[in-house]
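J.: model this:
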Amino acid sequence: MTAQAKPTLLKKATGKEPGISLFAATALGIGGMMGAGLFSLLGPASAHAGTHVPLAFLLGAIAASFSVYSYAKLGATFPSSGGAATFTVMSYGPGVISGGLNIFQYIAYLIAAALYAAGFAEYTNTLLGGNLSPLAIKLVGAGIVVLCAGINLLGTDIVGKAETLAIGFVTIALLLFSVEGLYVADIRDFQPSGWSVNGIAIATGILYINYQGFGVVTNSSNAMKEPQKELPLAMFSALILVTIAYILVSTAVILLMSPAQMQNYSGHVLANAAQAIAGKTGFVVIGASALLACAAALNATIFAASNIAADMAKKITVSEALGDSVLKTQLRALTASAFIVIVLVLAFPLNVVGKMASLAFLLVYAAITYGHIQVHKQTGAKLWPLWAAITINLSLFATLFINVIETAPGSAIALVGALVGSFAVEATARKYLKKN
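T.: You can find the predicted model right below:
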């Protein structure tokens, strides 16, 4: 069954058009953003920003807002389940550039999904007392990928409802943590750490992955009744709500824990901070919230990746050879996406993949926004926010990439390899594997 035929069959079976509500679309965006990054990257970010982590979150949100503006305008003008995959073709035209860029962003989504699955597995191990073997932890990560893939097979409406339930619990838990943490913390004992512009910029780049999920909302634009109105509102609502949550949570954390403690508990900072507030109960509640947040982010990201892949194949926005193999239908694309994520979870340590994912999306957003400039008259977008998005994304990319070269050169090589490989595969497939 093709992705295009699926809504028609659903309409015949249910007597109504399938779709996704504004509330569910907003929840999808929140689910895509409020994932493993919030629960796992506070420690690494504090190593550079110290007690100024809330500022890094705020700067990350401001940086992301310009890309949100670009994506909202594009999504409202070109509604499609392919989201950003459609944007590249409308901006650059079908060819090696759009095809290679789409393959690269597809890979970026899968890396992010693997990060979220690994975060889910690590928090599962933490809640179980740290007694799971390395293999068992990886199997937990693979299992949650299979579960989320199954949920996605049920359609956009089910995905939206699943996100709403999961994020509802996570949001309430984080708000309670923030309020209680700010109440319990003794501000008189707070001592701000030193800071540098470069350190805060690096932390902003690290935390940028926390905002990449806004793009998943565009993949549901063709399931909206009025995407021109609902899509921008859903995207900006998700960004604002998530930013408020990030600032409140990170402020509570820096008041409860020193930067040294945050780094010591790097993989589960929030759980340990909650334990300082409410003992074992707080630890369990925040740990459970981490599981739901990671699962929700994984769910939304697989949803986006599989829709990008299916849309690329359906509209021949990648080479026909690639489209006729594993990406021909939405079911095949979802299965292939889940399989690749499972392989990543099982085969690779992902302790530095957060930086790689941030770098990848910073490049993707800059490239798509540059393409947006070519069609801005069609979308009605103003030029200055688009140029601001490109400048900010590339500046953060350069700052974080230099840091990655210094601290984890293998990750930098892998990222460059993925980028070059994406365009090489697309160019080779188009030249030598044309459909007869």
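
J.: Against residue 73, how distant is residue 79?
T.: For residue 79, the distance to residue 73 equals 12 Å [Cβ to Cβ, to the nearest Å]. Backbone N, C-alpha and C define where each C-beta goes, glycine included.

J.: These two: who's more crowded?
T.: Set side by side, residue 79 and residue 73 give different neighbour counts by other Cβ atoms under 10 Å, the larger being at residue 73 (24 against 21).

J.: tell me the contacts of the more buried one?
T.: Under the criterion of Cβ atoms under 8 Å, 6 or more residues apart in numbering, the contact partners of residue 73 comprise 232, 372, 376, 379, 380, 381.

J.: Max pairwise distance over those: which two?
T.: Maximum pairwise distance in these, criterion Cβ to Cβ, is 15.4 Å, between 232 and 376.

J.: Tell me the helices and strands packed up against the helix or strand that contains residue 201.
T.: Of the helices and strands defined by DSSP states H and E, residue 201 is found in helix 197-207. With contacts taken as 3 or more Cβ pairs under 8 Å, 6 or more residues apart in numbering; DSSP states H and E, helix 197-207 sits against helix 42-49, helix 53-77, helix 353-374, helix 383-407.

J.: got a list of contacts for stretch 397-413?
T.: 48, 198, 201-202, 205-206, 208, 352-353, 355-356, 358-359, 362-363, 366, 415.

J.: Mind pulling up the pLDDT for residue 392?
T.: We note a pLDDT of 95 for residue 392 in this prediction.

J.: let's number from 27 now, not from 1
T.: Shifting the count to begin at 27 puts that one at residue 418.

J.: contacting residues for the closest residue to it other than its chain neighbours?
T.: If the residues on either side of it in the chain are set aside, residue 418 comes closest to residue 89, at 4.7 Å by Cβ to Cβ, 6 or more residues apart in numbering. Residues touching residue 89, when contacts are defined by Cβ under 8 Å, 6+ apart, comprise 230, 234, 237, 418, 419, 422.

J.: so the third one touches residue 84, yeah?
T.: No - assessed by Cβ atoms under 8 Å, residue 237 is found out of contact with residue 84, at 11.3 Å.

J.: who's more crowded, the two?
T.: In terms of neighbours (other Cβ under 10 Å), residue 237 is the more surrounded of residue 237 and residue 84; the figures are 29 against 17.

J.: Among the contacts of stretch 423-439, name the buried ones.
T.: Of the members of the contacts of stretch 423-439, the ones counted as buried by neighbours, 16 or more other Cβ atoms under 10 Å, are 74, 227-228, 231-232, 234, 378-379, 381-382, 384-385, 388-389, 392, 441.

J.: ranges for the helices of the stretch 177-326 of the chain?
T.: 182-210, 223-233, 253-282, 285-290, 295-340 (DSSP state H, counting those that start in this stretch).

J.: And residue 458, how far from residue 444?
T.: Noted for residue 458: a distance of 21 Å to residue 444, by Cβ to Cβ.

J.: more crowded one of those two?
T.: For the pair residue 458 and residue 444, the greater number of neighbours falls to residue 444 (16 against 9), based on other Cβ under 10 Å.

J.: Need the per-residue pLDDT for that one.
T.: At residue 444, the pLDDT value in this model is 88.

J.: separation between it and residue 437?
T.: Computed with Cβ to Cβ, the distance linking residue 444 and residue 437 is 11 Å.

J.: again, but for residue 139
T.: With distances taken as Cβ to Cβ, residue 139 is found 17 Å from residue 437.

J.: before we move on, what about residue 362?
T.: Using Cβ to Cβ, residue 362 is found at 24 Å from residue 437.

J.: Could you list the low-pLDDT ranges of the stretch 77-226 of the chain?
T.: Across the stretch 77-226 of the chain, the ranges flagged by pLDDT under 70 are 107-109, 178-190.

J.: Which parts of the stretch 27-176 of the chain are helices?
T.: Counting by DSSP H, counting those that start in this stretch, the helices of the stretch 27-176 of the chain are 31-40, 48-59, 62-66, 68-75, 79-103, 110-118, 122-153, 160-179.

J.: picking up where we left off before, which residues sit against the helix holding residue 227?
T.: Contact with helix 223-233 is made by 63, 67, 70-72, 74-76, 78-79, 81-83, 85-86, 89, 380-381, 384-385, 388, 421-423, 425-426, 429, as judged by Cβ under 8 Å, 6+ apart.

J.: and the residue nearest the centre of the chain, what pLDDT?
T.: In the chain, the C-alpha closest to the average C-alpha coordinate belongs to residue 239, at a distance of 3.5 Å (Cα atoms, centre = their mean). Per-residue confidence for residue 239 comes out at a pLDDT of 72.

J.: again with residue 431
T.: Turning to residue 431, the model gives it a pLDDT of 91.

J.: thinking again about what came up before, most packed of the helices of the stretch 177-326 of the chain?
T.: When you average the neighbours per residue for each of the helices of the stretch 177-326 of the chain (mean count of other Cβ atoms under 10 Å), helix 295-340 leads with a mean of 25.

J.: by how many degrees do that one and helix 68-75 diverge?
T.: Compare the direction of helix 295-340 with that of helix 68-75 by axes from the mean of the first three to the mean of the last three Cα atoms, to 10 degrees and you get 100 degrees.

J.: Tell me the gap between stretch 282-299 and the middle of its chain.
T.: 23 Å (Cα atoms, centre = their mean, to the nearest Å).
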